[in-house]
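Peer 1: Here is a sequence with its predicted model. Questions after.
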Amino acid sequence: MKMIVAVVQDKDATRLQNALVQEGIRATKLASTGGFLRAGNTTFLIGVDDDKVEDVMRLIQSNCRVRDQLVTPVSPMGGTTDSYIPFPVEVQVGGAAVFIIPVDRFEHF
Ligand code: 2BA
């Protein structure tokens with residue numbers, strides 16, 4: 001068994017959730033915050049048998065889009081703010097950051 005941890009954009013979360021339910025795949029959805037953008041995103045915890053991992057990866061891939069997002073850094077990384085003039089930079093976000101973790105044991109009571 002594997003635990004798939006997928007960080008996706010909020011805009012894609014409902015679509016992915018619907019697709020998982022439709023395929024009968026159980027998941028938990030958590031509200032999360034990106035460390036860099038400090039904006040809301042959604043983290044899915046999806047526990048599946050090994051033979052379902054690629055199916056889930058396909059669902060994530062087909063339901064999560066890459067988007068460009070403008071971000072204005074709050075302050076320079078670890079530096080002084082004296083002469084700091086913030087200007088927006090564009091970053092590419094998503095489609096999804098996915099971790100696949102082996103599960104030693106799963107119990108469901
Ligand atoms: P954020 O940390 O808010 O990052 C949003 C986007 O900003 C990232 O998109 C990436 O394009 C850019 N970015 C992040 N850190 C950066 C840095 N130090 N310098 C320059 N650009 C940076 P994604 O890579 O698609 O990540 C989307 C979200 O997925 C992240 O939101 C974070 O919540 C999660 N994530 C991505 N990689 C992760 C990792 N290795 N561990 C934990 N969470 C991760």
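Peer 2: In hand now; what should we look at?

Peer 1: Three-state assignment for Asp12, please.
Peer 2: helix (DSSP: H, G, I helix; E, B strand; the rest coil).

Peer 1: What count of nearby residues applies to the closest residue in space to it that isn't next to it in sequence?
Peer 2: Among residues not flanking Asp12 along the chain, Cys64 sits closest, at 4.4 Å (C-beta to C-beta, 6 or more residues apart in numbering). (C-beta placed from N, C-alpha, C; glycine too.) Using other C-beta atoms under 10 Å, Cys64 is surrounded by 22 other residues.

Peer 1: so how far is the ligand from Cys64?
Peer 2: Distance from Cys64 to the ligand, counting by C-beta to the nearest ligand atom, to the nearest Å: 9 Å.

Peer 1: What separation is there between that residue and Ser32?
Peer 2: From Cys64 across to Ser32, the span is 14 Å (C-beta to C-beta, to the nearest Å).

Peer 1: tally of neighbours for Leu70?
Peer 2: Neighbours of Leu70 using other C-beta under 10 Å come to 8.

Peer 1: What strand or helix carries it?
Peer 2: strand 67-71 (DSSP states H and E).

Peer 1: Appreciated, that's everything.
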